[in-house]
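**Student:** I need the structure of the sequence given here:
(one chain, ligands or ions: 2)
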Amino acid sequence: MLFPAINQEDDLIKQASEIVSSLEQAADLVTDNINSGYLATTLLRYFNLMMNRESEMSMDTVQETSAWDLSDFESFLQAMPNETDAVGAALGILRLHVMYGLSSSDILHGDIKGHMSRSLTFDETLYLVRHIRHRSIATMGINVYNLTWNWITSVMHEEFDIDEQKRQALLQRALGFLKSLPCNYTEQYLKIIKSLSSMHSNLDELSHYSYILKQWKGLDNVCPILSKHPKGELYDLLKNYRKLCRSENTYTNINTKKHTKPSRTCGCFLLHNNDPILLLAPVKMEILHDSRPQIALIHDAISDKQIRGLKNFSRTQVQRSTVTTRAGLVPSDNKISQQMKIRDKQVKQLLSSFQRRIAALTQLNSYGLEPLHVANYGVGGQYDVHVDFVFAEASSDKDFDPDMFDQRLVSVVTYLNDVEDGGATVFPELGIKVNPRKGTAVMFYSLFRNGTGNFLSRHASCPVVYGNKWIAVQWARRSYHYTRYPCTLDRFE
Ligand SMILES: O=C(O)CCC(=O)C(=O)O
Ligand SMILES: [Fe+2]
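**Tutor:** Ligands and ions are numbered 1, 2, ... in the order given. All right, here's what the predicted structure looks like:
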């Protein structure tokens with residue numbers, strides 16, 4: 001099972017607690033299993049356990065469920081997280097760190113944006129440091145050297161209860177890192193050398209280095225590579241993504257001027273489109289972006305009963321999400337969630353009024369609606385900046401012509417729960433942030449009238465900090481809607 005944890009993972013955590021509390025023998029086995037290399041997973045499972053109030057166990061539950069036998073336990077062990085989960089957990093914590101600008105020292109003390117957990121151990125922290133250069137962190141548009149150094153120094157400053165040997169190993173690691181940049185003519189480097197000397201380390205090179213460094217004229221205070229920040233449009237976009245997730249208002253206007261006009265009709269209204277269904281129960285619309293692309297909120301888009309039905313059905317069936325790439329549909333570091341398509345007839349029936357309303361609202365033909373997708377993001381789960389249409393560079397077919405493809409025209413993302421912290425949908429080109437609210441949907445168009453993709457519709461899901469996030473995504477394809485959305489010759493109409 002892959003990180004991020006969803007309800008199944010919560011169940012697993014509950015089972016773990018039950019076993020550990022009730023069977024001494026089992027507890028030893030669990031400990032053996034967990035301690036060998038799965039530290040970050042342990043960390044996140046504890047992290048979840050402590051933070052997710054729903055999964056906290058009362059003593060009553062422990063007593064009720066203490067009748068475990070060992071065959072149950074074997075299958076439990078098989079379902080234990082593996083190395084992939086461990087890496088996933090470490091990356092989840094790093095994502096929260098980067099996206100929300102958290103201090104590494106707070107995380108070390110178990111404080112994730114004010115949600116308290118236990119402190120990390122020395123080994124767990126090193127496990128995080130080892131994974132900072134992972135692709136998914138390296139592509140977040142930050143200086144990974146800076147991030148690594150930030151963590152190394154936090155570990156060095158922390159009063160971990162570790163022996164001399166481990167402390168020396170840490171300092172050696174810090175030296176090795178600075179040397180690899182290379183940053184060995186800096187005050188930072190010298191400081192570590194001095195610390196190592198003060199520990200009476202018998203490294204021959206120590207005295208040699210301190211001698212050279214003392215002679216060195218312009219010793220840099222801080223290594224320049226560590227303070228370089230990536231620049232360019234892509235980085236501005238990723239910066240906006242982070243700023244929106246953090247609710248900082250200072251997002252940079254990148255492309256907006258190129259082909260949007262100021263919004264004229266932002267506001268709320270009841271919409272019925274003269275459609276019999278909507279005349280009976282008009283849609284509560286709130287326009288967030290007037291046009292090109294139009295982005296709107298739909299309030300009360302789905303009933304509580306439909307939400308319950310959808311979640312109950314999907315809870316045990318969602319699987320690791322995939323994205324469309326040149327290599328086909330693959331799991332991706334850019335989309336950390338689990339999802340499924342709803343094909344079940346009964347569930348479809350339950351949702352038919354929901355889909356009819358969407359069709360009536362967009363005035364699109366319901367034949368163009370794709371099967372509904374349900375997705376769940378756990379703590380640290382996110383969806384990086386992306387568009388919902390396929391563009392040539394992302395296609396697996398080298399002759400792919402986006403204009404000939406039946407592209408996704410409209411997306412309706414419906415929130416199936418309130419997320420306690422994080423999980424907002426953001427549009428980093430436009431400075432728009434939508435916080436998930438149970439029953440509300442955000443609807444946006446991805447194409448221009450001529451059928452080509454509008455990159456201003458780029459959007460993302462901020463990582464979930466606390467709780468988890470359930471959404472239902474309804475896409476409508478363009479091909480059925482030529483009459484409703486006739487082509488124009490204007491490139492940007
Ligand atoms: O989770 C969200 O807020 C956005 C989901 C999304 O963009 C998608 O599934 O394509
Ligand atoms: Fe999307």
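**Student:** wait, what's in contact with the residue in the stretch 101-250 of the chain that ligand 1 sits nearest to?
**Tutor:** For the stretch 101-250 of the chain, the residue positioned closest to ligand 1 under CB to the nearest ligand atom is residue 245, at a distance of 11.3 Å. From N, CA and C alone the C-beta is placed, and that goes for glycine too. Residues counted as contacts of residue 245 (CB atoms under 8 Å, 6 or more residues apart in numbering) are 99, 100, 422, 424, 426, 433, 462, 463.
**Student:** read off the pLDDT value for it.
**Tutor:** At residue 245 the predicted local distance difference test score is 96.
**Student:** kindly report the same for residue 223.
**Tutor:** 83.
**Student:** who's in contact with it?
**Tutor:** Contacts here follow CB under 8 Å, 6+ apart; on that basis residue 223 touches 149, 178, 181, 183, 186, 188, 189.
**Student:** which of those come close to ligand 1?
**Tutor:** When those are checked against ligand 1 using CB under 6 Å from any ligand atom, none falls in range.
**Student:** from ligand 1, how far out is the spatially most central residue of the chain?
**Tutor:** Most central residue of the chain, judged by C-alpha distance to the mean C-alpha position with CA atoms, centre = their mean, is residue 382 at 1.9 Å. Taking CB to the nearest ligand atom, to the nearest Å as the measure, residue 382 falls 8 Å from ligand 1.
**Student:** tell me the phi and psi of the nearest residue to that residue once chain neighbours are set aside?
**Tutor:** Nearest non-adjacent residue to residue 382, counting by CB to CB, 6 or more residues apart in numbering: residue 463, 4.0 Å away. For residue 463, the backbone dihedrals (degrees, to the nearest 10) come out as phi -60, psi 150.
**Student:** neighbours around residue 463, how many?
**Tutor:** The number of residues packed near residue 463 is 27, by other CB atoms under 10 Å.
**Student:** got the contact list for it?
**Tutor:** Counting by CB under 8 Å, 6+ apart, residue 463 touches 92, 95-96, 99-100, 245, 336, 377, 380-382, 422-423.
**Student:** same check on residue 298?
**Tutor:** Applying CB under 8 Å, 6+ apart to residue 298 gives the contacts 283, 284, 285, 286, 361, 412, 440, 441, 442, 443.
**Student:** got JSON lines for those residues, with distance to residue 273 and secondary structure too?
**Tutor:** As requested, the contacts of residue 298 are arranged in JSON lines below (distance: CB to CB, whole Å; DSSP: H, G, I helix; E, B strand; the rest coil):
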{"residue": "283", "distance to residue 273": "8", "secondary structure": "strand"}
{"residue": "284", "distance to residue 273": "14", "secondary structure": "strand"}
{"residue": "285", "distance to residue 273": "11", "secondary structure": "strand"}
{"residue": "286", "distance to residue 273": "16", "secondary structure": "strand"}
{"residue": "361", "distance to residue 273": "7", "secondary structure": "helix"}
{"residue": "412", "distance to residue 273": "15", "secondary structure": "strand"}
{"residue": "440", "distance to residue 273": "19", "secondary structure": "coil"}
{"residue": "441", "distance to residue 273": "16", "secondary structure": "strand"}
{"residue": "442", "distance to residue 273": "19", "secondary structure": "strand"}
{"residue": "443", "distance to residue 273": "14", "secondary structure": "strand"}
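**Student:** ok, of those, which come out buried?
**Tutor:** Under a neighbour-count criterion of 16 or more other CB atoms under 10 Å, the subset of the contacts of residue 298 counted as buried comprises 283, 285, 286, 361, 412, 440, 441, 442, 443.
**Student:** dump these to TSV, plus distance to residue 370.
**Tutor:** TSV is the format used below for the buried ones among the contacts of residue 298 (distance: CB to CB, whole Å):
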residue	distance to residue 370
283	20
285	22
286	24
361	16
412	11
440	21
441	15
442	17
443	14
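**Student:** ok, of the residues you listed, which one's closest to residue 341?
**Tutor:** Of all the buried ones among the contacts of residue 298, residue 412 has the smallest distance to residue 341: 15.2 Å, by CB to CB.
**Student:** if I look at the closest one, how far off is ligand 1?
**Tutor:** Relative to ligand 1, residue 412 is positioned 10 Å away (criterion: CB to the nearest ligand atom).
**Student:** show me where the stretch 201-350 of the chain has strands.
**Tutor:** In chain order, the stretch 201-350 of the chain shows strands spanning 267-271, 283-289, 295-299, 319-320, 322-325, 328-331, 338-341, with DSSP state E, counting those that start in this stretch as the criterion.
**Student:** using PDB, list the CA coordinates for the longest one.
**Tutor:** Presented in PDB, the C-alpha positions along strand 283-289 are these (Å, rounded to 0.1, in the frame of the first residue of the first chain):
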ATOM      1  CA  VAL A 283     -27.500  26.400  -9.000                       C
ATOM      2  CA  LYS A 284     -25.800  28.800  -6.600                       C
ATOM      3  CA  MET A 285     -22.900  30.100  -8.700                       C
ATOM      4  CA  GLU A 286     -20.000  32.200  -7.600                       C
ATOM      5  CA  ILE A 287     -17.700  33.400 -10.400                       C
ATOM      6  CA  LEU A 288     -14.100  33.500  -9.500                       C
ATOM      7  CA  HIS A 289     -12.700  34.300 -12.900                       C
END
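**Student:** so what secondary structure elements neighbour it?
**Tutor:** The criterion is 3 or more CB pairs under 8 Å, 6 or more residues apart in numbering; DSSP states H and E, and the helices and strands that strand 283-289 contacts are strand 267-271, strand 295-299, helix 345-362, strand 432-434.
**Student:** could you rerun that using 7 Å?
**Tutor:** strand 267-271, strand 295-299 (3 or more CB pairs under 7 Å, 6 or more residues apart in numbering; DSSP states H and E).
**Student:** how about the shortest one?
**Tutor:** Here strand 319-320 is seen to pack against strand 338-341 when contacts are counted using 3+ CB pairs under 7 Å, 6+ apart.
**Student:** that concludes my questions; thank you for your assistance.
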